[in-house]
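Student: no letters, just coordinates:
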């Protein structure tokens, strides 16, 4: 291994910015707690676990079951994804 490396001719990865995008989500305290506990068990950061779970839902094209409470308000019957 060299003591020093020359990065003067280096090029940024043009695909890096397309890998992930920062967004703001409002999650329930219980959801955050669940993923933080899971993160402690697995050693994976909880944000990564949430991303992995959502990726799994997206790749499997799972749909969320919704229950209509009134004409103007809808409530999720279950928070887990179900198969299409």
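Tutor: Okay, I see it. Just so it is clear, the model here is predicted, and its values are computed rather than measured.

Student: use CA for all of it now, contacts and neighbours both
Tutor: OK.

Student: residues touching residue 29, list them.
Tutor: By CA atoms under 8 Å, 6 or more residues apart in numbering, the contact set of residue 29 is empty.

Student: and the helices in the chain?
Tutor: 29-42, 46-59 (DSSP state H).

Student: quick one: closest of these to residue 13.
Tutor: helix 46-59 (21.5 Å; CA to CA).

Student: and the closest one, what does it pack onto?
Tutor: Secondary-structure packing of helix 46-59 (3 or more CA pairs under 8 Å, 6 or more residues apart in numbering; DSSP states H and E): helix 29-42.

Student: circling back: show me the one of the helices of the chain that comes nearest residue 20.
Tutor: helix 46-59 (9.7 Å).

Student: residues contacting that closest one, please?
Tutor: 35, 36, 38, 39, 63, 81.

Student: isn't residue 45 up against residue 39?
Tutor: Yes: the pair residue 45 / residue 39 is scored as a contact, 5.4 Å apart, by CA atoms under 8 Å.

Student: show the pLDDT at the residue at minimal distance from the centre of the chain.
Tutor: Centroid check for the chain by CA atoms, centre = their mean gives residue 51 as the closest residue, at 1.9 Å. Looking at residue 51, its pLDDT reads 95.
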